[in-house]
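**Student:** I'll drop the sequence and a predicted model, then ask my questions.
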Amino acid sequence: MKNKKRLKFMVLASLFAAVIAVFIAWFFHIPIKIGANSAYLHFGDVFIFLAASLLPTPYAAAAAGIGGGLGDLFCGGAEWIPFTVIIKILVSLCFTAKKDKLLNKQNIVAPITALVFTVGGYYVAEALIFGNWISPLISVWGNVVQILGSAALYYPIAAALEKFGIKKLIQNED
């Protein structure tokens, strides 16, 4: 039974990674020009939040890192991959699947912590990539919009999934 449950989590993590990559690279992918950086807004983070709320931490972190990295690869931003993998793993760690409900106290406030990791992480990444610690300040607003927009979608989706008992379904042995 333990191997069956592990396999179920591996399959779900793989599916989440694929959905995260698709939502980063193609679906609701909004290109924007910010300073020296050509960036984009996306809602892949919604699925990172959901994966981290539904799956045990190692599986959620893998889905977040792999999905985020693949999203950058598909968008032609290979230089961002190492940073994105770390940032998205940190974002996933803000949430918990250890509670009975998706919308528990930790997961309700987790987007705020995710915002800090995202803004700080991409600020440092952009500064290192472009060799300038001032110009990345203009990119901060895009990361804020991305996380707040993702949170605005996460809450109603999580509430709807909660009504269907998705967490119990995923955590069940069968």
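**Tutor:** Looks like it came in fine.

**Student:** Residue ranges in this structure under the pLDDT threshold?
**Tutor:** By pLDDT under 70, the low-scoring segments of the chain are 1, 29-40, 173-174.

**Student:** Flag every buried residue along the helix ranked longest in the chain.
**Tutor:** Longest helix in the chain, counting residues (DSSP state H): helix 105-130. Neighbour-count burial for helix 105-130, counted by 16 or more other Cβ atoms under 10 Å, picks out 107, 110-111, 113-115, 117-119, 121-123, 125-127, 129. For the C-beta atoms, the positions are set from N, CA and C on the backbone; glycine is no exception.

**Student:** and the helix or strand following it, what other elements does it pack with?
**Tutor:** Remark: after helix 105-130, the chain's next helix or strand is helix 140-163, criterion DSSP states H and E. Applying 3 or more Cβ pairs under 8 Å, 6 or more residues apart in numbering; DSSP states H and E, one finds that helix 140-163 contacts strand 37-41, helix 44-54, helix 105-130.

**Student:** and if we set it to 10 Å?
**Tutor:** strand 30-34, strand 37-41, helix 44-54, helix 81-93, helix 105-130, helix 166-171 (3 or more Cβ pairs under 10 Å, 6 or more residues apart in numbering; DSSP states H and E).

**Student:** tilt between that helix and helix 44-54?
**Tutor:** Using axes from the mean of the first three to the mean of the last three Cα atoms, to 10 degrees, the inter-axis angle of helix 140-163 relative to helix 44-54 is 40 degrees.

**Student:** roughly how far out does helix 140-163 sit from the chain middle?
**Tutor:** 10 Å (Cα atoms, centre = their mean, to the nearest Å).

**Student:** Could you do stretch 123-136 as well?
**Tutor:** Using Cα atoms, centre = their mean, the offset of stretch 123-136 from its chain centre is 22 Å.

**Student:** Using CSV, write out every CA atom in it.
**Tutor:** C-alpha atoms of stretch 123-136 as CSV (Å, rounded to 0.1, in the frame of the first residue of the first chain):
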residue,chain,number,x,y,z
TYR,A,123,15.1,40.8,-7.8
VAL,A,124,18.4,39.0,-6.9
ALA,A,125,18.2,36.8,-10.0
GLU,A,126,17.7,39.8,-12.3
ALA,A,127,20.5,41.7,-10.6
LEU,A,128,22.9,38.8,-11.1
ILE,A,129,21.9,38.1,-14.7
PHE,A,130,22.1,41.7,-15.8
GLY,A,131,24.8,42.9,-13.4
ASN,A,132,22.8,45.8,-12.1
TRP,A,133,21.2,46.1,-8.6
ILE,A,134,19.0,49.2,-9.4
SER,A,135,17.2,48.3,-12.6
PRO,A,136,15.5,45.2,-11.2
